[in-house]
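Peer 1: Turn this into a model:
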Amino acid sequence: MRKRTNEPLEAHVPERSCILTRRTAPREELIRLALGPDGRIAPDVRARAPGRGAWIGVGREALDEANAKGKLKGALARAFKIGAVDVPADLGERIETALRQQALDRLGLEARGGTLINGAERVETAARQGQVHLLIHASDAGEDGRRKLDQAWRVGGGGKAGLVFPAERTILSMALGRENVVHIALTDAGAARRVLHAIDRWQAFIDPDAGLERGDAAGPSVGDEFVDEGNA
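Peer 2: Modelled structure (predicted):
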């Protein structure tokens, strides 16, 4: 019989190996490629497509190079143990687009769930009161507006500066179903982690060396371990 202890059990984190580098990493850090019934490869960034899949852990530049040289096709054929696979020449672009859309969809879900607010005045008030766990600015937000809200966030015990989202206000407005979305605040720690994770995956694929400085873009509680609620 197993001896009981008071020590907390460590949560199991599923890991996968990149088919190109053989690097093993948590599944949330990699990107799944799905094999269709016709042998065609498609990005499955949410890791929910049925059937067989393979995982990659490289950025777009490395992926595009491996695809152009046929290395990706060979790695996929070995992973799936089939003679040939159909790999789209624009697979890298498709993955980037899917990751971008996932980040926007995540923001939309949080908006509908009531964990996201926008509007400079509302965001500033919440930030000064210590209610903001993640602050986001549209890429075309004015410098004065960003500086004012960043300062309010610091006063409320938040991060050094908000995250500049790599899309303009028109894109954010469409994603949230609201008008003129320039500044966004996540008022729930779990929501902030989910949004930050989605943005981080997207940006890491575009530029793996840059990464996202979580300490500057998020409040103290957002650095906690991320839990992917959608993939058991």
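Peer 1: For the spatially closest residue to residue 156 that is not a sequence neighbour, give me its contacts.
Peer 2: Nearest residue to residue 156, sequence neighbours excluded (CB to CB, 6 or more residues apart in numbering): residue 130, at 4.1 Å. Where you see a C-beta, it was placed from the backbone N, CA and C, and this is true even at glycine. Neighbour list for residue 130: 156, 157, 158 [criterion: CB atoms under 8 Å, 6 or more residues apart in numbering].
Peer 1: ok, residue 144 - how many residues close by?
Peer 2: By the measure other CB atoms under 10 Å, the count of residues near residue 144 is 8.
Peer 1: What's the PyMOL line that selects buried ones from the contacts of residue 130?
Peer 2: To isolate the buried members of the contacts of residue 130 in PyMOL, using 16 or more other CB atoms under 10 Å:
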select buried, resi 156+158
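Peer 1: Could you export the contacts of residue 130 as a markdown table, including pLDDT, distance to residue 99 and secondary structure?
Peer 2: A markdown table is the format used below for those (pLDDT from 0 to 100; distance: CB to CB, whole Å; DSSP: H, G, I helix; E, B strand; the rest coil):
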| residue | pLDDT | distance to residue 99 | secondary structure |
| --- | --- | --- | --- |
| 156 | 97 | 31 | coil |
| 157 | 96 | 31 | coil |
| 158 | 95 | 26 | coil |
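Peer 1: Just the closest of the contacts of residue 130 to residue 67, please.
Peer 2: Nearest to residue 67 among the contacts of residue 130, counting by CB to CB, is residue 158 at 40.7 Å.
Peer 1: Settle this for me: the closest one is touching residue 136, isn't it.
Peer 2: No. Contact criterion CB atoms under 8 Å: residue 158 and residue 136 do not qualify, at 12.0 Å.
Peer 1: Which stretches in the chain count as helices?
Peer 2: 60-68, 71-80, 91-113, 120-128, 143-155, 169-176, 189-206, 214-217 (DSSP state H).
Peer 1: and of those helices, who's closest to residue 33?
Peer 2: helix 71-80 (7.0 Å).
Peer 1: How much space separates the spatially most central residue of the chain from residue 129?
Peer 2: Centroid-nearest residue in the chain, with CA atoms, centre = their mean: residue 198, separated by 1.6 Å. Residue 198 sits 26 Å away from residue 129, going by CB to CB, to the nearest Å.
Peer 1: and what of residue 65?
Peer 2: For residue 65 relative to residue 129 (CB to CB), the value is 49 Å.
Peer 1: Residue 140 too?
Peer 2: 27 Å.
Peer 1: Also residue 179?
Peer 2: 25 Å.
Peer 1: Quick one: residues contacting the residue lying closest to residue 62 once chain neighbours are set aside.
Peer 2: Among residues not flanking residue 62 along the chain, residue 20 sits closest, at 7.4 Å (CB to CB, 6+ apart). By CB under 8 Å, 6+ apart, the residues touching residue 20 are 56, 57, 58, 62, 63, 66, 71, 72, 75.
Peer 1: what two of those have the greatest distance between them?
Peer 2: Across the contacts of residue 20, the longest distance by CB to CB is 14.5 Å; it joins 57 and 71.
Peer 1: higher neighbour count, these two?
Peer 2: Between residue 57 and residue 71, counting by other CB under 10 Å, residue 57 is the more crowded of the two (22 against 15).
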